[in-house]
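K.L.:
Pasting the sequence and the predicted model now:
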Amino acid sequence: MILFDPVWTALLYLAASVCFILALKGLSSPRTARRGNLLGAFGALVGVATVFLSVRLDNIPWILGAIAVGSVVAAPVARQVKMTQMPQLVALFNGVGGGAAALVGLLELAHADDPWVRLAIVFALLVGAVSFAGSGVTFAKLQELMTTRPVVFPGLPVLMAAVLLAAVGVGVAVVLTGWLPLALLLLVLGLVAGVLLVLPVGGADVPIVISLLNAFTGLAVAASGLVLGNVLLLVAGTLVGASGTILTRAMAAAMGRSVAGILFGAFRGGSTAGSTAVSDRPVRSSSSEDVAVLLGYAQRVIIVPGYGLAVAQGQHTAAELAQALEERGTRVDFAIHPVAGRMPGHMNVLLAEANVPYESLREMGEINSEFRTADVALVVGANDVVNPAAKTSAGSPIYGMPILEVADARQVVFLKRSMRPGFAGIENELLYEPQTTLLFGDAKDSLTKVLAAVKGL
C-alpha cells in the first residue's frame, strides 16, 4: 500500500538528507557529537519509513525479519563494545555497508538493460567487495586475530596489479554483456583486491585505511543509489564518501605521510611495523609518591593521553587527578594529538565521557607552543605522538609526522607499562633524556596511586 505520492517522498528524502548533513556538522565537535549522532539516526529512520510508505514492496515479512535480526545483533554489540575497540566496530560497519552495496548491484544486474546502469552496478560490485574484504582484514589486525605487521611476499605488487587489471577487464565485459557469471567473477576479484590492499599495511596505519575503506563504502552505496533510482541513497553515500576522503587525508597529514605511502610503503620499508622488541637501555624511573610531589607543586601541567590510557580505561582517574591538581592551584590541560588513540576524536570522546571540560581539551596546533611554559608534561600511554624521531630521524617510519612538543617541558613523566616501543615499532629517545622520569605499571593503577599521593600532600 502506497501512502506517499512522489512529491511527499521527495520532501521527506530532502528532510532526511538535511539531517545527515547536520549530523556530520554535529560530529565535528565533542560538544555537539551526541546531538549529531541522534540527528543522523533520525534521518535514517525517516528514510527507511519513507521507503516503506512510498514503494510497493514484496516480501515485507522477510524485510522486517532481517531488520529485527540486525537490531537484535547490533544493539547489544554497540552497547557493550569498549571505547578502545571502536575502530574495530567502525571497520565492521564499513564492511557490512560495502557488502550490502555489492549485493544490491548483483541482484539488480538481471533487471539492467542500460549500459550506464550496468556501469554503476560494476562500480558498486567492485568497490563494495574491496571495502568488505579490506575491512575484514583491518578488523582482524586491530583485534590481533592476525599480525599487525605488514604482510608482504615476493610478487605481491605484480599480483595486485594483475588482479586490478583483471577486474577492469571483467567489469568492461559485464557492462557490455550483463552476464551474471562474469559479475560473480568480478565480485571474487574485488574480494581478493580488498585483502591484497590491506595486507601490506601495518601498525598505526591501519586506522587510516579504515577511514579510506569508509570512503569506498560511501561511493559504493552512492552507486547503488543510482542503480535503484533512490536519491537518498545517492546523497547519503556521497556524504560518506566525501567525509571519509576528507578524514583520510586529515589523518594522513597528521601522520606526516601520503595516502600512497601508507598503502604501499611496506614495499620499500616505509610502513609502520608494530615491533614488539623491548629495549634494555637504562632509564630513570620513579615512584608514584615522587611523581605526585612533582605534580603537586607544579604551577602548570600538561597531560598527554594516548592509547595506553584508553586500554587501561584510566580516563576517569586522569580526570580526577586533573581536578585534584586544579584544586591545589595548578593549571592543567590535556594535549590531544589528531591521531591519539586510534582514530581522530577517539581521545576527545574518552575524556568527555569522564567529564573533562571541553576547554581543557587542547588540540596540538594550539598547545604545542605552551609546552615550554609547562613545569611537567605527564605522558600517559602515548609514545609515537611525542617521539622526537618524527623530526630528527629521516629513516624513521614516523618521520615528518607532527608531534606534541613534550620535550620542551621542564620535566617529562612517562606512565608506561613497559619499555615496549609504540605502534610504530621504534624507540623513543626522549625516554632516555635527563629531564624524563618513567613510572611503570598499568596506566589506571599508576594514576590511582599518584592521585592518592597528591591528595595526601
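P.N.:
Right, received. Where do you want to start?

K.L.:
Following the chain onward from the lowest-mean-pLDDT helix or strand in the chain, which element is next?
P.N.:
When the helices and strands of the chain are scored by mean pLDDT, DSSP states H and E, helix 259-264 comes last with a mean of 76. Next helix or strand after helix 259-264 toward the C-terminus (DSSP states H and E): helix 288-296.

K.L.:
Export that following helix to CSV, keeping only CA atoms.
P.N.:
The C-alpha coordinates for helix 288-296 follow below in CSV (Å, rounded to 0.1, in the frame of the first residue of the first chain):
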residue,chain,number,x,y,z
SER,A,288,54.1,7.3,42.4
GLU,A,289,54.8,9.4,45.5
ASP,A,290,57.7,11.2,43.8
VAL,A,291,55.6,11.8,40.7
ALA,A,292,52.8,13.2,43.0
VAL,A,293,55.3,15.6,44.6
LEU,A,294,56.5,16.7,41.1
LEU,A,295,52.9,17.3,40.0
GLY,A,296,51.5,18.7,43.3
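
K.L.:
Tell me where the stretch 301-450 of the chain has helices.
P.N.:
307-312, 315-327, 346-353, 364-367, 389-392, 443-455 (DSSP state H, counting those that start in this stretch).

K.L.:
do you know which of the ones you listed lies nearest P154?
P.N.:
Smallest distance to P154 across the helices of the stretch 301-450 of the chain (C-beta to C-beta): 29.6 Å, for helix 389-392. Yep, even glycine has a C-beta here, placed from its N, CA and C like the rest.

K.L.:
any weak-confidence spans in this protein?
P.N.:
1-4, 203-204, 255-256, 265-280, 342, 395-397, 422-425 (pLDDT under 70).

K.L.:
Strands of the stretch 51-200 of the chain, start to end?
P.N.:
Using DSSP state E, counting those that start in this stretch, the stretch 51-200 of the chain contains no strands.

K.L.:
Which residue ranges make up the domains of this structure?
P.N.:
1-80, 85-274, 288-455 (automatic domain parsing).

K.L.:
can you put the ones you listed in JSON lines and add distance to P282?
P.N.:
Shown next, in JSON lines, are the domains of the chain (distance: least, C-beta to C-beta, whole Å):
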{"stretch": "domain 1-80", "distance to P282": "40"}
{"stretch": "domain 85-274", "distance to P282": "25"}
{"stretch": "domain 288-455", "distance to P282": "8"}
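
K.L.:
can you tell which of the ones you listed is closest to R281?
P.N.:
Comparing the domains of the chain by C-beta to C-beta, domain 288-455 comes nearest, at 6.2 Å.

K.L.:
The most centrally placed residue in the chain: what's it in contact with?
P.N.:
The centroid of the chain falls nearest to M343 when counting by C-alpha atoms, centre = their mean (3.7 Å). Residues in contact with M343 (C-beta atoms under 8 Å, 6 or more residues apart in numbering) are 86-87, 90, 207, 210-211.

K.L.:
count of neighbours near the nearest residue to L12 once chain neighbours are set aside?
P.N.:
Nearest non-adjacent residue to L12, counting by C-beta to C-beta, 6 or more residues apart in numbering: T50, 4.4 Å away. Neighbours of T50 under the rule other C-beta atoms under 10 Å: 21.

K.L.:
looking at it, T50 is touching T9, isn't it?
P.N.:
Yes: with contact defined as C-beta atoms under 8 Å, T50 reaches T9; the gap is 6.0 Å.

K.L.:
quick revisit: which one of the helices of the stretch 301-450 of the chain lies closest to A382?
P.N.:
helix 307-312 (7.0 Å).

K.L.:
Just give me how far the closest one sits from the chain centre.
P.N.:
Distance, stretch centre to chain centre, for helix 307-312: 16 Å (C-alpha atoms, centre = their mean, to the nearest Å).

K.L.:
Stretch 227-240 too?
P.N.:
23 Å.

K.L.:
List of residues touching that stretch?
P.N.:
Contacts of stretch 227-240 (C-beta under 8 Å, 6+ apart): 10, 13, 16-17, 20-21, 24, 47, 50-51, 97, 101, 104-105, 108, 112, 117, 120-121, 124, 214-215, 217-226.

K.L.:
list the contacts for the nearest residue to T32 once chain neighbours are set aside?
P.N.:
The shortest distance from T32 to any non-neighbouring residue, by C-beta to C-beta, 6+ apart, is to G26 (4.3 Å). Contacts for G26 were tallied using C-beta under 8 Å, 6+ apart; they are 32-33, 35-37, 39.

K.L.:
farthest-separated two in the residues you listed?
P.N.:
A33 and L39 (10.6 Å).

K.L.:
ok, these two, which is more surrounded?
P.N.:
Shown here are A33 and L39; by other C-beta under 10 Å, L39 has more neighbours (21 against 17).

K.L.:
Quick check: the gap between that one and G341.
P.N.:
24 Å (C-beta to C-beta, to the nearest Å).

K.L.:
For ChimeraX, write the selection for the buried entries among the contacts of stretch 227-240.
P.N.:
Restricted to buried positions by 16 or more other C-beta atoms under 10 Å, the ChimeraX selection for those reads:
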select :13,16,17,20,24,47,50,51,97,101,104,105,108,112,117,120,121,124,214,215,217,218,219,220,221,222,223,224,225,226
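
K.L.:
Out of the contacts of stretch 227-240, list just those in helices.
P.N.:
Judged by DSSP state H, helices contain the following of the contacts of stretch 227-240: 10, 13, 16-17, 20-21, 24, 47, 50-51, 97, 101, 104-105, 108, 117, 120-121, 124, 214-215, 217-226.
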